[in-house]
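# based on what follows, work out the 3D shape:
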Amino acid sequence: MAKKPKILVALTCQRFVFSRTAFSLIQSALNSKDYEFDFYLEMGADIASSRNRIVYVARERGASHLLFVDYDMYFGPDTIQRLISHDKDIVGAAYNFRNDPPRSTAVPITQTDVAHPLTENLPKELFKCHCLGTGLLLIKVSVFDKFKGPWFMFGYNDTGDMLYGEDTYFCQRAIKEGGLDVWADPTLGVKHIGEQLF
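The predicted model follows:
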């Protein structure tokens, strides 16, 4: 019998995990019989450091895949299965930032301006992208052997303003140094939990 893929589901948070996120993970685990799930919670204010530590945990635990899940993601019971079924080195959900109007965290490879993307008209099916949010991102653990860590870092300008997040840094290095593609699935219906006044 073939060995089941082992998915390390790594939750990152500062203080808490939304109940909807926890419920999404429970539903996914109950819905997936073809994979072995391992769970890990990393708490801390420095998300880039947390993600780098999680890579080592995935290796230590013998995971074949690492699934980053942020504390504020809401998704359906078949979402993880659908991501795995794409069989890509790096694939995630194309979900929105918490802005109004909505703007996707996925920047299609067809766009030339990564810093100021136009994400209103995303492709309707799986697509390659320059970068993608790590809020719900599946990565084969072998990817981390293709280029040196630290794999996640923030970029700042001379006055201390952030130029890019740890997710963009990872995706760009994976593409340029690892020779890999980053894929986004816009069909999953993943939601970013936020706050609004009503």
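
# can you give me the buried ones in the worst-scoring helix or strand of the chain on mean pLDDT?
Lowest on mean pLDDT, DSSP states H and E among the helices and strands of the chain sits strand 162-164, with a mean of 81. For strand 162-164, burial by neighbour count (16 or more other C-beta atoms under 10 Å) applies to Tyr164. Placement of C-beta: from N, CA and C, glycine included.

# cool, and stretch 62-79?
Per 16+ other C-beta under 10 Å, stretch 62-79 contains these buried residues: 63-77, 79.

# for the very next helix or strand once past the least confident helix or strand of the chain, the distance to its chain's centre please.
Going down the chain from strand 162-164, the next helix or strand is helix 166-176, by DSSP states H and E. Distance of helix 166-176 from the chain centroid (C-alpha atoms, centre = their mean, to the nearest Å) equals 12 Å.

# now swap in stretch 65-78 and tell me
Per C-alpha atoms, centre = their mean, the centroid offset for stretch 65-78 relative to its chain is 8 Å.

# now stretch 39-47
The answer for stretch 39-47 is 14 Å, by C-alpha atoms, centre = their mean.

# mind checking the end-to-end distance for it?
End-to-end distance of stretch 39-47: 17 Å, with C-alpha to C-alpha, to the nearest Å as the criterion.

# buried ones in that stretch, by neighbour count?
For stretch 39-47, a neighbour-count test (16+ other C-beta under 10 Å) marks 40, 42, 47 as buried.

# Tyr95 contacts Val190, correct?
Yes. Tyr95 lies in contact with Val190 (C-beta atoms under 8 Å); the separation is 4.3 Å.

# next, show the common contact partners of these two.
73, 135-136 (C-beta atoms under 8 Å, 6 or more residues apart in numbering).

# where does pLDDT dip in this structure?
By pLDDT under 70, the weakly predicted segments of the chain are 1-2, 113-120, 196-198.

# all strands for it, in order.
Counting by DSSP state E, the chain has strands at residues 6-13, 36-43, 65-70, 73-74, 90-93, 107-108, 127-131, 136-140, 155-156, 162-164, 183-185, 191-192.

# may I see those strands arranged in TSV, with distance to Asn99 as well?
Shown next, in TSV, are the strands of the chain (distance: least, C-beta to C-beta, whole Å):
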stretch	distance to Asn99
strand 6-13	21
strand 36-43	26
strand 65-70	16
strand 73-74	16
strand 90-93	17
strand 107-108	15
strand 127-131	16
strand 136-140	18
strand 155-156	20
strand 162-164	16
strand 183-185	18
strand 191-192	10
